[in-house]
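> Generate coordinates for the sequence data below:
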Amino acid sequence: MTERSIPSEYYGWWRIIETSNWNNDDIDIIGKALISITGNDDRLRMFVLLAYVTCNVTTTGVSFTMEGAWEYDPVSGTGSVKLRKDGRLSGKIKIKNGDESSFIAERAEEPEETIPAPPSYRDKWRRRW
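As a prediction, this is how the structure comes out:
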């Protein structure tokens with residue numbers, strides 16, 4: 001997908017500020033909770049989730065698939081976002097064979113530091129030694 005395929009009202013970085021099913025006090029535990037919607041190397045970070053995101057434009061907004069890690073455990077899933085009248089995003093995320101939650105996000109600046117790649121399960125054991 002090219003960067004031009006994402007509509008301008010969705011394009012960019014979004015700060016996840018609230019979720020419906022998870023404790024919002026821990027949303028930024030590994031860094032600001034963010035999702036990028038650019039169509040190019042998109043990322044998601046919230047709680048202990050780090051994931052690569054692939055976006056697709058739909059008639060009602062943008063849908064995405066994700067693949068990454070929750071702590072060190074591999075996860076994948078799907079999600080979608082749509083623009084609210086107040087300019088925020090309203091979204092849903094579903095982890096395959098796991099939880100699902102809605103979330104609210106507001107426009108943000110691109111982070112100064114790149115969101116790290118999701119850790120592999122092997123990294124879990126490397127840290128112990």
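> and the closest residue to residue 83 other than its chain neighbours, how many neighbours?
Once flanking residues are discounted, residue 83 sits nearest to residue 9: 5.6 Å by C-beta to C-beta, 6 or more residues apart in numbering. Where you see a C-beta, it was placed from the backbone N, CA and C, and this is true even at glycine. Other residues near residue 9 come to 12 when the count uses other C-beta atoms under 10 Å.
> go on, residue 59?
Applying other C-beta under 10 Å, I find that residue 59 has 4 neighbouring residues.
> tell me the SS of residue 87?
coil (DSSP: H, G, I helix; E, B strand; the rest coil).
> Apart from its chain neighbours, what residue comes closest to it?
Leaving aside its sequence neighbours, residue 87 is closest to residue 107 (7.0 Å, by C-beta to C-beta, 6+ apart).
> Let's test this: what are the backbone torsions at the residue nearest to residue 48 when sequence neighbours are not counted?
Spatially, and ignoring its direct neighbours in sequence, residue 48 is nearest to residue 71 (4.7 Å; C-beta to C-beta, 6+ apart). Reported as degrees, to the nearest 10, the phi and psi values for residue 71 are phi 60, psi -110.
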